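Trainee: Quick one, structure for this:
(one chain, ligands or ions: 1)
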Amino acid sequence: MNEFWDTAPGCFHPASAPDYLPLPQMRELQLRRLQAVVRRAYDKVQLFRSRLEERGLRPECVRSLDDIVHLPFTVKTDLRDTYPFGLFASPMQEIVRLHASSGTTGKPIVVAYTKDDVEVWTSVMGRTLAACGLHKGDVIQNAYGYGLFTGGLGAHYGAEGLGATVIPISGGNTDRQIMVMRDFKVTAICCTPSYFIHLLDRASDLGVDIRDLSLKIGVFGAEPWTESMRRHIQAVSGIKAYDIYGLSEIIGPGVASECCCQNGLHVFEDHFFPEIVDPATGEPAPEGAEGELVLTALTKYAMPMIRYRTRDITALETEACGCGRTVRRIRRIGRRSDDMFIIRGINVFPSQIETALLTIEGTLPHYQIILTRHKGLDELEVQVEVTPEVFSDKVGSLEDLNARLMRALEQTLGLRAMVRLVGPRSIPRSEGKARRVIDRRNMQD
Ligand code: DLL
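Mentor: A predicted model of the protein is given here:
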């Protein structure tokens, strides 16, 4: 077995053993944990208790995993309405950490951890990094933001738990990131995919070819990204780019991760129970169908989270994975049910635009979507950076590219969009999650 760990990085690591539990054992463990967390939430969280009572339910009603569908959902506004501490199930003396996520509007949401919760988080983040092929001996540059955002500390504890060397550099100061990456012989980086693309651009400005460094693996998440973006990253940097998923309400990063097969994200099911529901009705979706991911944190103590509506759209894959893990996978998350916008009666998701843009040669993976309203009519403009070669071309290839992009967008979206081609480095970069959509419709008539 030892030999196998050494020769198949990313396939098996002792820290990831629970990912290989035989299914009957896993389901039994999940049921026990579900019963315990429902009991705890009922006893300690007023909102959950009254919702169960309204339905005439008691914790004893959960007799099988299928009974989960009778339990009430928890939604983001529940966290806002009970701000800051209304959903906590532990007294403050037992809470060792608070994080908060600002979201896009209004009050932040606050999440809490006991010492045990931090241990679980460390373990699932260790399993995440192991699934991405990292081990003791790796030097991990952690460029997720440290602070109230869960990315920085989540990855940090996971990396230390695994016994790897962690560099807590946080996001930003890109020139220093590149220096550290080279001088400290970094083997893996954790950050948002959009920030890594920015880092690659900057490295190229500085004359540094990432392929000449020791960097082998990227652990990317916290925002949607597409296969074309992965192809771009892997081609330019020569690393393997993995997708990891999580959200503050459930624990932070560490809910699900890709493995060496890069074909869907394994959910750490002994701690997080996934369901897919129809986003419009909340009814369970048919097996394998796409819908909204609903998660139950089976072991979260400070802040139990039962049937949380993530608004992330995906599907559950049940067929076996080449890595041998038994835990189920979710398909890569391309969109959220709430990031859709409507233009002249047509539903548009930013991911559709990204896919249409990046398949066309000459574009760079930096774009912004600008929504405006003119004389009562909504307009969609897509600004996209093009390569220096295309941008400096004086022989009309810009016009040609513009026309091709407009056609591609029209075919994908079913509506005419304006395309504005801009030079490299024109679109603002972010150190964390990229801001793709700028909606100016309510600022104008
Ligand atoms: O973004 C936690 C995280 C940190 C995940 C670092 C991965 C890496 P929040 O700020 O609460 O937490 O945002 C959670 O981000 O509901 C998704 O909409 C989105 N998201 C996170 N990971 C992915 C991903 C962190 N891999 C929200 N693909 C989630 C697509 C993602 N969307």
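Trainee: can we go C-alpha only for contacts and neighbour counts from here?
Mentor: Fine.
Trainee: what sits against residue 115?
Mentor: Residues in contact with residue 115 (C-alpha atoms under 8 Å, 6 or more residues apart in numbering) are 94-96.
Trainee: One more pass at 10 Å, please.
Mentor: Residue 115 makes contact with 94-97, 121, 301-302, according to C-alpha atoms under 10 Å, 6 or more residues apart in numbering.
Trainee: Repeat that for residue 53.
Mentor: Per C-alpha under 10 Å, 6+ apart, neighbours of residue 53: 42, 59.
Trainee: Just to be sure, it is in a helix?
Mentor: Yes - assessed by DSSP: H, G, I helix; E, B strand; the rest coil, residue 53 belongs to a helix.
Trainee: State the distance from it to the ligand.
Mentor: 29 Å (C-alpha to the nearest ligand atom, to the nearest Å).
Trainee: for residue 424, same thing?
Mentor: For residue 424, the distance to the ligand - C-alpha to the nearest ligand atom - is 25 Å.
Trainee: Return the set of residues that bridge with the nearest residue to that residue once chain neighbours are set aside.
Mentor: Nearest residue to residue 424, sequence neighbours excluded (C-alpha to C-alpha, 6 or more residues apart in numbering): residue 385, at 5.4 Å. Judged by DSSP bridges, the bridge partners of residue 385 are residue 422.
Trainee: tell me the pLDDT at residue 385?
Mentor: We have a pLDDT of 93 for residue 385.
Trainee: Tell me the spacing between it and the ligand.
Mentor: 22 Å.
Trainee: Over to residue 328?
Mentor: Taking C-alpha to the nearest ligand atom, one finds residue 328 at 16 Å from the ligand.
Trainee: which ones are touching that residue?
Mentor: Here residue 328 is in contact with 19, 23, 256, 264-269, 273-274, 316-321 (criterion: C-alpha under 10 Å, 6+ apart).
Trainee: Backbone torsions only: list them for it.
Mentor: Here is the backbone geometry of residue 328 (degrees, to the nearest 10): phi -70, psi 160.
Trainee: one step back: give me the buried subset of the contacts of residue 328.
Mentor: Buried subset of the contacts of residue 328 (neighbour count, 16 or more other C-alpha atoms under 10 Å): 19, 256, 264-269, 273-274, 316-317, 321.
Trainee: Among those, name the ones in strands.
Mentor: 256, 265-267, 273-274, 316-317 (DSSP state E).
Trainee: now, the most widely separated pair of the buried ones among the contacts of residue 328?
Mentor: 273 and 321 (18.5 Å; C-alpha to C-alpha).
Trainee: tell me the contacts of whichever residue of the stretch 301-445 of the chain sits closest to the ligand?
Mentor: As assessed by C-alpha to the nearest ligand atom, the ligand sits closest to residue 333 within the stretch 301-445 of the chain, at 4.5 Å. Residues near residue 333 by C-alpha under 10 Å, 6+ apart: 223-226, 243, 245, 264-265, 293, 312-315, 351.
Trainee: need these in CSV with pLDDT and secondary structure, can you?
Mentor: Output for these, formatted as CSV (pLDDT from 0 to 100; DSSP: H, G, I helix; E, B strand; the rest coil):
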residue, pLDDT, secondary structure
223, 95, coil
224, 94, coil
225, 93, coil
226, 90, coil
243, 98, strand
245, 98, strand
264, 97, coil
265, 98, strand
293, 98, strand
312, 97, strand
313, 97, strand
314, 98, strand
315, 98, coil
351, 89, helix
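Trainee: interface residues of this structure facing the ligand?
Mentor: Residues of the chain lying close to the ligand by C-alpha under 6 Å from any ligand atom are 101, 150-151, 221-224, 243-248, 252-253, 310, 312, 333-334, 336.
Trainee: Please list the members of these that lie in helices.
Mentor: Taking DSSP state H, the ones among the residues of the chain next to the ligand that sit in helices are 150-151.
Trainee: For ChimeraX, write the selection for the buried entries among the residues of the chain next to the ligand.
Mentor: Command for ChimeraX that selects the buried part of those, burial taken from 16+ other C-alpha under 10 Å:
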select :101,150,151,221,222,223,224,243,244,245,246,247,248,252,253,310,312,333,334,336
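Trainee: so what's residue 244 scoring on pLDDT?
Mentor: For residue 244, the predicted pLDDT is 98.
Trainee: these two touch, right, it and residue 129?
Mentor: Yes - under the criterion of C-alpha atoms under 10 Å, residue 244 makes contact with residue 129 at 9.1 Å.
Trainee: Tell me the buried residues in the top strand by length along the chain?
Mentor: For the chain, the longest strand by residue count, based on DSSP E, is strand 363-374. Neighbour-count burial for strand 363-374, with 16+ other C-alpha under 10 Å as criterion, is recorded at 363-373.
Trainee: Any chance of a markdown table for those residues, columns pLDDT and distance to residue 84?
Mentor: What follows is the buried residues of strand 363-374, written out as a markdown table (pLDDT from 0 to 100; distance: C-alpha to C-alpha, whole Å):
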| residue | pLDDT | distance to residue 84 |
| --- | --- | --- |
| 363 | 91 | 44 |
| 364 | 90 | 41 |
| 365 | 89 | 38 |
| 366 | 91 | 36 |
| 367 | 93 | 36 |
| 368 | 95 | 34 |
| 369 | 96 | 33 |
| 370 | 96 | 34 |
| 371 | 95 | 33 |
| 372 | 95 | 35 |
| 373 | 93 | 37 |
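Trainee: Residue 145 reaches residue 431, doesn't it?
Mentor: Yes - using C-alpha under 10 Å, residue 145 is in contact with residue 431, at 8.0 Å.
Trainee: Need the overlap of contacts for the two.
Mentor: Common contact partners of residue 145 and residue 431 (C-alpha under 10 Å, 6+ apart): 170-172, 191-192.
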